[in-house]
Structure formats: structure tokens, C-alpha cells
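**Q** turn this into a model:
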Amino acid sequence: MSEVFESIAWLKRRLGDRIQEVLVQGDEPLVLDDPSCAYLTLSEHHQLFCVGYESGKPRGRREHLAVCAPGQLLFGLPPPEHKDATALLLSGATGSRVWRVPMASLLKLSDQPEGRRALAQLFDRWIALLIESLPDAQVPTKARAVRAGETIDKGTKLPLQAGDGVVWVAPREQPTSYAGLNVARYGVRPDCWPLAAQAWVQCPDEALRIWSTEQLLEASSDASFATGFYSFVVTAISAAIG
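**A** A predicted model of the protein is given here:
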């Protein structure tokens, strides 16, 4: 937990007056539909939901996904423009607050090695939360555990999972399955897929490099490497709850 509060303090020191405190509570929830902003939770027991979305507003029943501890980073994602669109929504107890941070300011922190390391930790907690929100599935008993910096040779047929923390693969062809889900069913094709202890991928037969979040932040000028997976998760959750 001390690492979490260190992250909060570090972000405050770096961004200062670019941070805006926002009240997020039961009757004033936050719809995560604005990609120009990121949010950091400050209070205990924020709740993350999936909800229907129409004309810029949430509608219908909320489906509970996860509890967010203080120091949880969250991003906005524009919902698709169709009648069955869904979005993620954050709520909390009375008086709960989050920080709203411009994405451009947040990503600028990755220009320096210290900022990249700290931002990667925040990103990894966000990705872990998205993975936690997916339907439960049993991890294959013969998955291969991989680490950042490894190269997986062609001919490796085992599913891949992370040996520690969060790592990424960027296959040229669409994976056949991810965390027990049939990827082709959802019509969303991320460029990069995160792996964790409970999140594995079955890729077509090709050589793969294993990336850390820090490496992807260094290689990218934005967070696009994570956006595709975010969209995949929301689509999969929507399908699961019907």
C-alpha cells in the first residue's frame, strides 16, 4: 500500500495545478467516456460498473465489475455509436473523490526514465483491473510463463502467461483465444495483448517478443498500445452480461 501512496504523491509533485479534484459518489458517478482525461482514485471503495450508454449518458442497470482501491488509474474510452453501446462507470461512497488529469500531461511524464517507470506501475494497475473485470476462466495447466525481454521462437504451441506482473505481446495475426475467450467473436482486434498470471493468450505460430509496459511507453507517443485491449474488455463484458 505504501507504493500506492508514493505513486499518488509523485503524481501530485509532477503535475501540480494540472490536476483537478472531482467528486465521484452514488448520485454523481463518473462515466469513463472521455479519452482526453485520466483519473486517479483517492478514496476507499470506489466501485467500477459497466452500464448502457446512449446520447452521452449512462442508461439502464449497472453491472458491478470491481472495487477500486486508492491510487487506481482509470482511462476514458469513447463508446461505439450504436444502440447497444456500453461504457465503464465509476461510483463511490458519499464524499469520494478522484483526480482528473489531462492525458497529454500524464503521458508527457514518460519522456524521462523516472517518469516512465512510475507511469508504467500506474498503467499496470489499470490493466490488472481490466483483466480482473473479464469473466472468470481456468488457467491452462501447461501455459508457458514469460518475462519482458524474452523472444518466443516460432513453433511454440503452448499458451503464454506472465511469469511476473504484466507483460505484453504484439502478434501479427489475431490470437485464437485470450483468457479463455474466443477473440474472433468480439470483432475487436487490439495490436497488443497484456499477459498476467490469470491472463493468457493462444497465438498463431509466429515468433514473438515479450514487452514490458515501460518499454511500450518508451516506444509509443501515446497510450494506443493499451486502448485496443480496453475496447476488447468492454466489448467482452457487454457480451457476457447481455
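
**Q** which residues of this protein fall in helices?
**A** Counting by DSSP state H, one finds helices in the chain at the ranges 2-15, 103-108, 113-133, 213-219, 224-241.

**Q** so which of these comes closest to residue 187?
**A** Residue 187 lies closest, by Cβ to Cβ, to one member of these: helix 224-241, at 7.3 Å. No exception for glycine: its C-beta is placed from N, CA and C like everyone else's.

**Q** still on that earlier bit, so for residue 174, which of the helices of the chain sits nearest?
**A** Checking the helices of the chain against residue 174 by Cβ to Cβ gives helix 224-241 as the closest, at 10.8 Å.

**Q** could you list the low-confidence segments of this structure?
**A** Counting by pLDDT under 70, the chain has low-confidence residues at 1-2, 242.

**Q** find the centremost residue of it, please.
**A** What sits nearest the mean C-alpha location of the chain, by Cα atoms, centre = their mean, is residue 127, with 3.2 Å.

**Q** excluding residues flanking it in the chain, which one is nearest that one?
**A** Nearest non-adjacent residue to residue 127, counting by Cβ to Cβ, 6 or more residues apart in numbering: residue 194, 4.8 Å away.

**Q** that neighbour is in contact with residue 161, isn't it?
**A** No. The criterion here is Cβ atoms under 8 Å, and residue 194 misses it with residue 161 at 10.5 Å.

**Q** where do the contact lists of those two overlap?
**A** Overlap of the contact sets of residue 194 and residue 161 (by Cβ atoms under 8 Å, 6 or more residues apart in numbering) is empty.

**Q** per-domain residue ranges of this structure.
**A** For the chain, the structural domains run 2-109, 144-241, going by automatic domain parsing.
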